[in-house]
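1. Quick one, fold the following:
(chains A and B)
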Amino acid sequence: SQQGEEDPQALSIQEGENATMNCSYKTSINNLQWYRQNSGRGLVHLILIRSNEREKHSGRLRVTLDTSKKSSSLLITASRAADTASYFCATDGAIQGAQKLVFGQGTRLTINP
Amino acid sequence: DAGVIQSPRHEVTEMGQEVTLRCKPISGHDYLFWYRQTMMRGLELLIYFNNNVPIDDSGMPEDRFSAKMPNASFSTLKIQPSEPRDSAVYFCASSFSRGNEQYFGPGTRLTVT
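-> You can find the predicted model right below:
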């Protein structure tokens, strides 16, 4: 079964607003990653948060991790049209081995100008 | 670095034909992954290699699928014979053992008619 599951499946907001996507997973992890996929392209790594970290920032991105709830959130502040894409969380799973990732189904984000 | 290179970018073939997808990972990366993405099933890991050795092929759907990595700079995924249900986007990704962020190629869109 899928390790990571994103919520919502689709999100549509106005440019300039903040977008929040959530990810839940089932088993223990070493770290959790977020990726972006533009239409017709490969996935691009955005940010990695380790299991002993609670929050991480990268530019307009903020990721939180709650290992007690087995959940993570990705916040994109001051959204831009170029942020329109699908966003995936990926977990390694402590029992899977650090290099193998399992991806969720993704959140499709649309930024309206 | 040019990133992960995949060829062809698009492949249209008839049912029963052999299909070979190719991948060149990022130089220095010692892990290589093959994924399949469809609307119904999302992103699925098919197989991954470490130092050219297959580590986990549990995601390979059936014996019609095979993958090789003859050297550190080249891998192939072969489908023989192809079926319409194999239609999907196939991604190759690579990573470096000191961190498990994965770098994806642009994908090969396969259509089997």
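2. For the residue in chain B positioned nearest to chain A, which non-adjacent residue is spatially closest?
-> Distances between chain B and chain A by Cβ to the nearest Cβ are smallest at B:F104, namely 3.4 Å. From N, CA and C alone the C-beta is placed, and that goes for glycine too. Closest residue to B:F104 apart from its sequence neighbours, by Cβ to Cβ, 6 or more residues apart in numbering or on different chains: A:G42 at 3.4 Å.
3. ok, now B:E44?
-> Closest residue to B:E44 apart from its sequence neighbours, by Cβ to Cβ, 6+ apart: B:R36 at 5.0 Å.
4. immediately after the strand or helix carrying that neighbour, which helix or strand?
-> Secondary structure from DSSP states H and E places B:R36 in strand B:31-38. Downstream of strand B:31-38, the first helix or strand assigned by DSSP H and E is strand B:42-50.
5. List the neighbouring strands of that next one plus their orientation.
-> Strand pairing for strand B:42-50, determined by DSSP bridges: strand B:31-38 (antiparallel), strand B:53-56 (antiparallel).
6. what does chain A have sitting close to chain B?
-> With the criterion set to Cβ under 8 Å from any Cβ of the partner chain, chain A comes near chain B through A:2, A:31, A:33, A:41-45, A:48, A:88, A:90, A:92, A:97-106.
7. Are any of the residues you listed buried, and if so which?
-> A:2, A:31, A:33, A:41-43, A:45, A:48, A:88, A:90, A:92, A:98-106 (16 or more other Cβ atoms under 10 Å in any protein chain shown).
8. Filter those residues down to just the ones in strands.
-> Mapping these onto strands (DSSP state E) picks out A:N31, A:Q33, A:L43, A:H45, A:L48, A:F88, A:A90, A:V102, A:F103.
9. could the residues you listed go into a markdown table alongside pLDDT?
-> What follows is these, written out as a markdown table (pLDDT from 0 to 100):
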| residue | pLDDT |
| --- | --- |
| A:N31 | 90 |
| A:Q33 | 95 |
| A:L43 | 97 |
| A:H45 | 96 |
| A:L48 | 94 |
| A:F88 | 96 |
| A:A90 | 94 |
| A:V102 | 88 |
| A:F103 | 91 |
